[in-house]
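Participant: Model the following, please.
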Amino acid sequence: MSRKNIFAAVGQSKFAAANDREVKVADRPLADATERLNASASPVGSLGRVLNDARQKSLRAEEMERSVRDACAVIELNPQDIEPSFARDRMTGYSPEDLDDSFLASIRSNGQQVPVLVRPHPTQAGRYETAYGHRRIAAARILGRTVRAVVKSMSDDELVVAQGQENVERNGLSFIEKCRFAYVLESRSFTRETISGALSVHKTILSIMVSLIERLPSDVIDAIGPAPSTGRRAWSQLADRLDSTVVLDRVRNVIANPEKFAAAKSSDERFRLLLAVATEKVSAPRKQTWSRADGRSFASLAVSEAKIILSVDRHKHPEIAEVILRRLSALQAELENPENDPMKES
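Facilitator: This is a model prediction of the structure:
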């Protein structure tokens, strides 16, 4: 899909964040990749494919920026008048607390080189809604500056396509962030065609992405974070393991342990820690049996991490089974009595 066709949905004129060639690297992470790659010898093999892909993405990102500059006027807006996109894509970057020091320092020193893209808010007069540029808007709030923006009338479909494509071209979203973005869009009844266009993924992969979010507990994803270096296979492996409630409880216990979980400094490290916890082998259940005086076994007990199983053959030992049932009923009544609360301090 060409860049022109992607943004034709927003209007016949091309658009995306615009700026001059000398935009700083901190604000445009792919800006100088083209020069470095063109200067190098032609690579071969898998490394060549990776570098060529980076070169193409850099060129497309520059085309996106030029197209907005050429097609639309850039105006100054108060960041307090700008709302985030209704479809959250990033797990971080929406608030001032999410910004890293280097990004903020670049905006402070060099100014906002690349305009953001917004639309007039569909329900609030005088306000705007962001298509992309959330981090730049957050930085402007911190620095007390206006935001350089392109204002474009867009439908919901056009906004999410622009939002998704801009991030895809800049490798701005991790795999799990893309999955969440796809899930949010589907939950808002966007068509698979629109979502596929926004993320530049095939419908088969899109189905896998949405399914992962349905399977993975949201609190576990939030605890891990975007994990930018973690891909589909690893997330699928974690989802497979977390289908077990025993494993999920074990993972949540680690998350709740600040001393152990905080030792993993990065998001990818947190993922690897929890995946290791989820895949570690569980010891086999401890088993115990009881026998009559004549040596016949009448009961067995299996104790595992998840449960305790007491087994009695009621056909062979009906009287023992009845005694156990009566004792369990009495124990339940005793535990339900507040006066007999075993956790109550004496």
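Participant: only C-alpha atoms for contact and neighbour calcs from this point on.
Facilitator: Noted.
Participant: Low-confidence bits of the stretch 101-250 of the chain, can you list those?
Facilitator: Along the stretch 101-250 of the chain, the parts satisfying pLDDT under 70 run over 169-171.
Participant: now the helices for it?
Facilitator: Under the criterion DSSP state H, counting those that start in this stretch, the stretch 101-250 of the chain contains helices at 101-110, 134-143, 156-169, 175-187, 192-199, 203-215, 218-224, 232-242, 245-255.
Participant: is it possible to export these to TSV including mean neighbour count and distance to residue 121?
Facilitator: Formatted as TSV, these follow (neighbours: other CA atoms under 10 Å; distance: least, CA to CA, whole Å):
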stretch	mean neighbour count	distance to residue 121
helix 101-110	14	26
helix 134-143	22	15
helix 156-169	22	11
helix 175-187	22	18
helix 192-199	20	20
helix 203-215	17	28
helix 218-224	15	29
helix 232-242	17	35
helix 245-255	16	39
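Participant: wait, which of these is closest to residue 314?
Facilitator: Ranking the helices of the stretch 101-250 of the chain by proximity to residue 314 (CA to CA) places helix 245-255 first, at 29.5 Å.
Participant: Residues contacting the helix or strand that the closest one is followed by, please?
Facilitator: Per DSSP states H and E, the first helix or strand lying C-terminal to helix 245-255 is helix 258-261. The contact list for helix 258-261 (CA atoms under 8 Å, 6 or more residues apart in numbering) reads 254, 255, 270.
Participant: any idea which of those residues is the one closest to residue 108?
Facilitator: For these, the nearest to residue 108 is residue 270 (31.5 Å; CA to CA).
Participant: Now render the helices of the stretch 101-250 of the chain as CSV, adding distance to residue 292.
Facilitator: CSV is the format used below for these (distance: least, CA to CA, whole Å):
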stretch, distance to residue 292
helix 101-110, 73
helix 134-143, 73
helix 156-169, 70
helix 175-187, 58
helix 192-199, 66
helix 203-215, 48
helix 218-224, 49
helix 232-242, 41
helix 245-255, 34
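Participant: okay, the most far-flung residue of the chain relative to its centre: pLDDT?
Facilitator: Distance from the C-alpha centroid of the chain, by CA atoms, centre = their mean, peaks at residue 294 (61.7 Å). The confidence metric pLDDT takes the value 77 at residue 294.
Participant: same check, this time on the one 4 residues further on
Facilitator: Predicted confidence (pLDDT) at residue 298: the value is 77.
Participant: can you check residue 56 too?
Facilitator: pLDDT, read off for residue 56, is 60.
Participant: ditto for the one 5 residues further on
Facilitator: According to the prediction, residue 61 has pLDDT 54.
Participant: on that earlier part again, and the residue farthest from the centre of the chain, that's in a strand?
Facilitator: No. Going by DSSP: H, G, I helix; E, B strand; the rest coil, the assignment for residue 294 is coil, not a strand.
Participant: separation between it and residue 312?
Facilitator: Residue 294 is 17 Å from residue 312, where distance means CA to CA, to the nearest Å.
Participant: How about residue 143?
Facilitator: To residue 312, residue 143 is 72 Å away according to CA to CA.
Participant: picking up where we left off before, tell me which of the helices of the stretch 101-250 of the chain sits nearest to residue 84.
Facilitator: helix 134-143 (6.8 Å).
Participant: That closest one packs against which elements?
Facilitator: Helices and strands touching helix 134-143, by 3 or more CA pairs under 8 Å, 6 or more residues apart in numbering; DSSP states H and E, are helix 101-110, strand 116-120, strand 147-151.
Participant: Quick one: those as TSV, columns for distance to residue 73 too.
Facilitator: Shown next, in TSV, are the helices and strands packed on helix 134-143 (distance: least, CA to CA, whole Å):
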stretch	distance to residue 73
helix 101-110	21
strand 116-120	11
strand 147-151	6
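Participant: Indicate which one of those is closest to residue 243.
Facilitator: Of all these, helix 101-110 comes closest under CA to CA, at 38.5 Å.
Participant: Next, the angle helix 134-143 makes with the closest one.
Facilitator: 70 degrees (axes from the mean of the first three to the mean of the last three CA atoms, to 10 degrees).
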